[in-house]
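Chemist: What follows is a predicted structure for the sequence shown.
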Amino acid sequence: MQKHFLKLTLLLLPTMLAGQPNPDLSGFLQPYSFQKLHILFNDKLAVVVGPDYRNSFVLYSEEHSCADQSMYPGAPVAIQNFTYRMLSLVGPIASYAADMYFEGGAHPTGGRTYFAYDIARKKPALLTDFFRKDDILHALRNDPFLKTKIVPNAKITSLDDFLLKVDGSPDVRLSPAVLGYFAFHHVRGNQVAVRISLPYATEAYRHFTEIGIYLPMSGNVAAWLSDATRDHRLMQDLAP
């Protein structure tokens, strides 16, 4: 059954990728399944396929492009590259790294961000969808790097307070959006190690910052993480 599914998906890929910029299918596509949903992926492409193929979609697709200069002869060449890497696959949560590079403006720019996507609900995943806010707040407040960024005398009573009252400049910029920039690294006892990417605050500090926290597991998340550990689908295996 799995073999027939893979063959059918590969036959459908040209249709599913219609309109995708420069899709590159080279390299082995690895399969992953969660309930009736499936992902075929490598570092260039990730496709989500459900029981109804009309609802299948591309999660990410590597892109390399160069701006058309025919309208502006002599203008600087504008180049942008987007590359990806799958980081962890836990239950319905697919986490991947996106690397962007652009040149053609005043100076080159680029960066790396982790993204988590819930393939079951077809929407970006947030840590608060799967873990208690109090547990997330406790872990973030005790992170050695973020501890140094808390605004002096700030009264923090909630996770939202923390994300708004941590001054990450000039290194990083915090906001509620970072709750979706995560991947699962490994399991330790009844806790999971979560890696979170933090966007840079200014162009002068254009570097990649990653923090690591531990969160307690329970319910569905614990079962999903047990399966992911067994099947080597965590960040320590997919992106060591």
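Modeler: Structure received. Residues are numbered from 1 along each chain as shown.
Chemist: Mind listing the residues bridging to Val166?
Modeler: Counting by DSSP bridges, Val166 forms beta bridges with Ile150.
Chemist: That one touches Lys147, doesn't it?
Modeler: No: under the criterion of C-beta atoms under 8 Å, Val166 makes no contact with Lys147, lying 9.4 Å away. In this view, the C-beta of every residue, glycine as well, is placed from N, C-alpha and C.
Chemist: Which of those two has more residues huddled nearby?
Modeler: Val166 (23 against 11; other C-beta atoms under 10 Å).
Chemist: Surely Asp160 forms part of a helix?
Modeler: Yes: assessed with DSSP: H, G, I helix; E, B strand; the rest coil, Asp160 lies in a helix.
Chemist: So what's the residue count around it?
Modeler: Asp160 - counted by other C-beta under 10 Å - has 13 other residues nearby.
Chemist: Next up, phi/psi of the nearest residue to it once chain neighbours are set aside, please.
Modeler: Closest residue in space to Asp160, ignoring its immediate chain neighbours: Pro176 at 6.8 Å, by C-beta to C-beta, 6 or more residues apart in numbering. Backbone torsions for Pro176, taken as degrees, to the nearest 10, come to phi -60, psi -20.
Chemist: Tell me the confidence at Pro176?
Modeler: At Pro176, the model reports a pLDDT of 89.
Chemist: give me the number of residues near it?
Modeler: As a burial measure, Pro176 scores 12 neighbours (other C-beta under 10 Å).
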